[in-house]
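Trainee: just the structure for this:
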Amino acid sequence: MLHRGQESTDGAGGGELTVPMAWLYAEYIADELLRTGDLMPPTSFEFRAGRDALALTIFLSDTDGELSGIRVVSQLETWLSLTAYDQPWQEWVRERLTELAADAAAAGRHAPDLVLAEAAWRWLQETELLAPDLDAVPGGAPVISEDEGPKVWTPAWQLGLPLGHLAIHLF
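Mentor: Numbers count the residues shown, from 1 in each chain. As a prediction, this is how the structure comes out:
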C-alpha cells in the first residue's frame with residue numbers, strides 16, 4: 001500500500017499503476033478543439049479520426065514531456081504548421097514514435113502514453129473511411145450534397161488531419 005505523498009503516475013517501480021496522463025491530456029485538448037469547431041458529430045468516425053490525428057500531433061510535439069494547459073494557446077501555431085497540407089505529417093509521426101520508443105527502451109521503462117499513441121496511429125493507418133473523391137470532381141465543381149458524386153475509401157488519417165487542422169483554425 002502506498003503512503004500519502006508517495007502516489008505515483010510515472011511508474012517508478014513497485015508495481016504501481018502508471019497513468020498515461022500526457023496522452024489523455026493530448027486527447028482531451030484535441031477533443032475540445034474539435035468540439036469547439038463543431039465540424040462533425042462527436043459520435044462519427046470522422047470525428048475520431050480528427051481527434052486521434054490531433055492528439056498525436058499534440059502528444060508528439062511535446063518535446064519537454066509536460067503538456068501544460070497554460071501553454072495550449074502558445075502551441076496552436078506549432079500544431080497548425082505540423083498539420084498543414086504541405087507537411088509530411090505521417091513521416092513525422094513515424095519518426096517521433098520511433099524516437100520515443102527507443103528512448104523508453106533505453107531507459108528500461110514502460111511508456112503507457114506511447115502505447116496509446118501507437119494504438120491511435122495504427123487505427124488511423126489501418127482504418128479506411130468512405131469520403132468524397134475530391135480528385136474526381138472536374139474543375140473543382142461544387143458538390144451540392146454529401147450524397148452526390150464519387151466516393152473513395154481513404155485512410156482515416158487523411159481525413160482526420162485536415163479536420164484537426166481546420167479545428168485549430170476555428171479555435
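Trainee: quick one: average pLDDT of the biggest helix by length in the chain?
Mentor: The residue-count maximum for a helix in the chain (DSSP state H) belongs to helix 89-107. What helix 89-107 shows for mean pLDDT is 94.
Trainee: buried residues in that helix, which are they?
Mentor: Buried residues in helix 89-107, counted by 16 or more other CB atoms under 10 Å: 89-90, 93, 96-97, 100, 104. (Glycine included, C-beta is placed from N, CA and C.)
Trainee: with the residues you listed in mind, which one is nearest to residue 122?
Mentor: Among these, residue 97 lies closest to residue 122 (CB to CB), at 10.2 Å.
Trainee: residues touching that closest one, list them.
Mentor: 60, 114, 117-118, 121 (CB atoms under 8 Å, 6 or more residues apart in numbering).
Trainee: including secondary structure, distance to residue 74 and neighbour count, could the residues you listed go into a markdown table?
Mentor: Converted to a markdown table, those look like this (DSSP: H, G, I helix; E, B strand; the rest coil; distance: CB to CB, whole Å; neighbours: other CB atoms under 10 Å):
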| residue | secondary structure | distance to residue 74 | neighbour count |
| --- | --- | --- | --- |
| 60 | helix | 17 | 21 |
| 114 | helix | 24 | 20 |
| 117 | helix | 22 | 26 |
| 118 | helix | 27 | 15 |
| 121 | helix | 25 | 20 |
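Trainee: now these as TSV including distance to residue 130 and pLDDT?
Mentor: Putting the contacts of residue 97 into TSV (distance: CB to CB, whole Å; pLDDT from 0 to 100) gives the following:
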residue	distance to residue 130	pLDDT
60	28	93
114	31	93
117	26	96
118	25	96
121	21	97
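Trainee: pull the helix or strand with minimum mean pLDDT from the chain.
Mentor: Every helix and strand of the chain was ranked by mean pLDDT, DSSP states H and E. The lowest is helix 72-82, at a mean of 85.
Trainee: re the thing from before, pull the most distant pair out of the buried residues of helix 89-107.
Mentor: Longest span within these, CB to CB: 89 and 104, 22.3 Å.
Trainee: helices and strands around the least confident helix or strand of the chain, which ones?
Mentor: Applying 3 or more CB pairs under 8 Å, 6 or more residues apart in numbering; DSSP states H and E, one finds that helix 72-82 makes contact with helix 45-61, helix 156-170.
Trainee: can you show me the CA trace of the first one as CSV?
Mentor: Written as CSV, here are the backbone C-alpha positions of helix 45-61 (Å, rounded to 0.1, in the frame of the first residue of the first chain):
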residue,chain,number,x,y,z
PHE,A,45,-15.7,8.0,-37.2
GLU,A,46,-14.5,11.3,-38.9
PHE,A,47,-14.5,13.0,-35.5
ARG,A,48,-12.5,10.1,-34.0
ALA,A,49,-10.0,10.4,-36.9
GLY,A,50,-9.7,14.1,-36.3
ARG,A,51,-9.3,13.7,-32.6
ASP,A,52,-6.7,10.9,-32.9
ALA,A,53,-4.7,12.8,-35.6
LEU,A,54,-4.8,16.0,-33.5
ALA,A,55,-4.0,14.1,-30.3
LEU,A,56,-1.0,12.5,-32.0
THR,A,57,0.2,15.9,-33.1
ILE,A,58,-0.2,17.4,-29.7
PHE,A,59,1.4,14.5,-27.9
LEU,A,60,4.3,14.0,-30.3
SER,A,61,5.1,17.8,-30.5
